[in-house]
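> Quick one: sequence plus predicted model below, questions after.
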Amino acid sequence: MYYENPISNHGYYRKETRIDKSVLKDGDLYYDDEKQLYVVKTAVGEQFNISRDRFSILSHEYEKREKSKKTAYRLCLLLGFLGVHRFYLGDMFKGVLLFGTFGGMLIGWLLDFLLLGSRVDEVNRQIATELLVKAIEDTQEDEKLEKGVPSKKD
């Protein structure tokens, strides 16, 4: 069986999605030409299929929700002492804490600046994982409906 990684091998797919192996912490993602499905393998060896249409929807949603390092660094440099970069990343508690303490007396702001890139990566991994889990659940639900098994929603 021939497997390819559409993200890195073909420009056509590169435009379609930015979700690839890098956003999966301990897993694998590839496209199965024979089945015409995306396959997600988890770190514990489980394998899940995602239809091409559902993956396209997932990719579009990811691109809307993905956080940019460039934007995060700009916010941190310009308004980091107010915690605005933390609000951008969805870290409300830490944002309020930085806002209330003037950037943790600027020490918290400096530490945040140094660690910001890895925090953005972590947030993007969380977004991708959440979307992949939803896509897997929806695909499994579709497969059950095709087989005639009643769904949980009924």
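Here it is on my side, so go on. In this text the structure is predicted, and so the values were computed from the model without any measurement.

> Spatially central residue (nearest the centroid) of this protein, please.
The residue lying closest to the centre of the chain (CA atoms, centre = their mean) is residue 128, at 2.0 Å.

> Quick check: which element contains it?
Using DSSP states H and E, residue 128 falls within helix 107-147.

> chain center to that helix: distance?
Here helix 107-147 is found 3 Å from its chain centre; the criterion is CA atoms, centre = their mean, to the nearest Å.

> and if you look at stretch 39-52?
15 Å.

> What's the end-to-end length of it?
10 Å (CA to CA, to the nearest Å).

> By mean pLDDT, which helix or strand of this structure comes out lowest?
Lowest by mean pLDDT, DSSP states H and E among the helices and strands of the chain is helix 11-16, with a mean of 34.

> Next secondary structure after that one?
strand 28-32.

> Buried residues of that following strand, list them for me.
Neighbour-count burial for strand 28-32, counted by 16 or more other CB atoms under 10 Å, picks out 29-31. In this view, the C-beta of every residue, glycine as well, is placed from N, C-alpha and C.

> what angle sits between it and helix 107-147?
40 degrees (axes from the mean of the first three to the mean of the last three CA atoms, to 10 degrees).
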